[in-house]
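Undergrad: sequence isn't available, so here's the structure alone:
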Ligand SMILES: NC(=O)c1ccc[n+]([C@@H]2O[C@H](COP(=O)([O-])OP(=O)(O)OC[C@H]3O[C@@H](n4cnc5c(N)ncnc54)[C@H](O)[C@@H]3O)[C@@H](O)[C@H]2O)c1
Ligand SMILES: O=C(O)C(=O)C[C@]1(C(=O)O)C=C[C@@H](O)C=C1
């Protein structure tokens, strides 16, 4: 057998993202020869065993990470620092710690105090997911053709970054190395704000339906339904993302509110040039994503 990227890979939190990583690694043994999964939730462990997601499935974090060459934290961003603090002392020298969290600055600040000089920390955020959660929701092709954003800290050994990139390339993803603040701004606009809008618009429609004592939601065609897909996402995960990327998210929310107000003014004033220009801009963006096979 050829040398794998990591002889032993441990996934902490085999939910949607963690189980997708494990599924891919099971199919491609050049990623890791031995797979370990840890979770604190007994029902997740039961499903991980039934789905045979890993060679070892355990509720013992220390034992799970002890032999791992790479420990990948796939828990909600609010839990990453506390799990890192428990995992790091048990990791072997030379191992790599990574996480797939959707926000960077606050996670990095939370993990930094627990880092060890002999363990490299290479966060890597895959820009791929669905509205579903848990071990049953994962699938091996989730990361194909998607970006994975690596945000290594200063002095990270280049070899550790290269191994993380190799892992994500083996997952089918493209990688980009990015500065932490830039990551948080980019994700605020392309991921966090759209989710905020989706959750909010569903609430607005539901309240209106109550007020009108009408079945308005029954008549939702595909436009509104497209919003409801991401509005079905996990509340814990998204509460953590909103609170942990507060600054960047509130900044883009302010910009969006200004742009929405401009559109409202254009509609109020019958300014058809502004209305058409705004719609055409949206159309162009959708078309360019389709041309780049991102939609
Ligand atoms: N869902 C997405 O679309 C998506 C995409 C990219 C990145 N992410 C990030 O990936 C991470 C995981 O998201 P997911 O969608 O796979 O979530 P998930 O809910 O499917 O899985 C999370 C797992 O973490 C476990 N967990 C939670 N708290 C824990 C703790 N303190 N200790 C140990 N285990 C714990 C849960 O039991 C669960 O099995 C999050 O940080 C999220 O921001 C999610
Ligand atoms: O497609 C979806 O359902 C997602 O929510 C995936 C999505 C996104 O917003 O694009 C969600 C959170 C991530 O951190 C990365 C990807």
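TA: Structure received. Here the structure is a predicted model, which means the values were calculated and not measured. Ligands and ions are numbered 1, 2, ... in the order given.
Undergrad: spell out which parts of the stretch 51-200 of the chain neighbour ligand 2.
TA: Residues of the stretch 51-200 of the chain lying near ligand 2 by CB under 6 Å from any ligand atom: 102, 127, 128, 129, 130, 131, 191. All C-beta spots, glycine's among them, are computed from the backbone N, C-alpha and C.
Undergrad: now the phi/psi pair for the residue lying closest to the last one once chain neighbours are set aside, please.
TA: Sequence neighbours aside, residue 102 is the residue nearest to residue 191 in space, at 6.9 Å (criterion: CB to CB, 6 or more residues apart in numbering). In terms of degrees, to the nearest 10, the main-chain angles of residue 102 are phi -80, psi -10.
Undergrad: thinking again about what came up before, for the residues of the stretch 51-200 of the chain next to ligand 2, work out which two are farthest apart.
TA: 127 and 131 (15.1 Å; CB to CB).
Undergrad: buried among the residues of the stretch 51-200 of the chain next to ligand 2? Make that a PyMOL selection.
TA: In PyMOL, a selection of the buried entries from these looks like this (16 or more other CB atoms under 10 Å):
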select buried, resi 102+127+128+129+130+191
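Undergrad: near ligand 1, which of the residues of the stretch 51-200 of the chain next to ligand 2 show up?
TA: Restricting these to those near ligand 1 - CB under 6 Å from any ligand atom - leaves 102, 129.
Undergrad: secondary structure added to the residues of the stretch 51-200 of the chain next to ligand 2, as a markdown table?
TA: As requested, these are exported to a markdown table (DSSP: H, G, I helix; E, B strand; the rest coil):
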| residue | secondary structure |
| --- | --- |
| 102 | coil |
| 127 | coil |
| 128 | coil |
| 129 | coil |
| 130 | coil |
| 131 | coil |
| 191 | helix |
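Undergrad: ranges for the helices of the stretch 101-250 of the chain?
TA: 105-111, 158-170, 180-187, 193-211, 222-231, 235-244, 246-268 (DSSP state H, counting those that start in this stretch).
Undergrad: dump the residue contacts of residue 195.
TA: 230, 231, 233, 238, 241 (CB atoms under 8 Å, 6 or more residues apart in numbering).
Undergrad: what's the domain layout of the protein?
TA: For the chain, automatic domain parsing gives the domain ranges 6-178, 182-291.
Undergrad: out of the ones you listed, which gets the lowest mean score?
TA: Note on the domains of the chain: domain 182-291 shows the lowest mean pLDDT, a mean of 93.
Undergrad: would you mind measuring from the residue nearest in space to the middle of the chain to residue 51?
TA: Among the residues of the chain, the one closest to the centroid is residue 102, at 4.3 Å (CA atoms, centre = their mean). Noted for residue 102: a distance of 24 Å to residue 51, by CB to CB, to the nearest Å.
Undergrad: done for today, thanks.
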